[in-house]
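*Asks:* Okay, structure incoming, though there's no sequence with it:
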């Protein structure tokens, strides 16, 4: 049973920083792809960043230069470091995971999702 639990959201001022965490209790072996998505109010969900099971291959699809994705395999935790936040970063942020040994990005279909954590930038 895969369980993803996000934390670290909250309110921040423009230019500030937040670090989101996603604890993964299910994917502790094998190959997989993890990602962060966000859904701004009234908009479609969009992919933010992705990282493979080893942490050696990662990509940021949104907010390049401001957001960084990483993971700590010893803690089975995925992170999203968000710097120089802007009001348009306001959204519900979700982490997701899928079994994969190939492409790891927003075009993947992710079957497992966390409950989300709200980020509000003003």
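*Replies:* Received the coordinates, thanks. Everything numeric in this text was worked out from a predicted model, so none of it was measured.

*Asks:* From residue 72, how far off is residue 82?
*Replies:* Residue 82 sits 17 Å away from residue 72, going by CB to CB, to the nearest Å. Backbone N, C-alpha and C define where each C-beta goes, glycine included.

*Asks:* And for residue 117?
*Replies:* Residue 117 is 18 Å from residue 72, by CB to CB.

*Asks:* the more surrounded of residue 82 and residue 72?
*Replies:* Per other CB atoms under 10 Å, whichever of residue 82 and residue 72 has more neighbours is residue 82, with 25 against 11.

*Asks:* In contact with residue 104: list those residues for me.
*Replies:* Contact analysis of residue 104 by CB atoms under 8 Å, 6 or more residues apart in numbering lists 33-35, 50-52, 57, 59.

*Asks:* Do a quick rundown of the strands in the protein.
*Replies:* 4-7, 10-12, 18-24, 32-39, 46-52, 58-60, 67-72, 77-82, 91-99, 112-113, 117-121 (DSSP state E).

*Asks:* Between those, which one is closest to residue 106.
*Replies:* For those, the distance to residue 106 is smallest for strand 46-52, at 2.8 Å, taking CB to CB.
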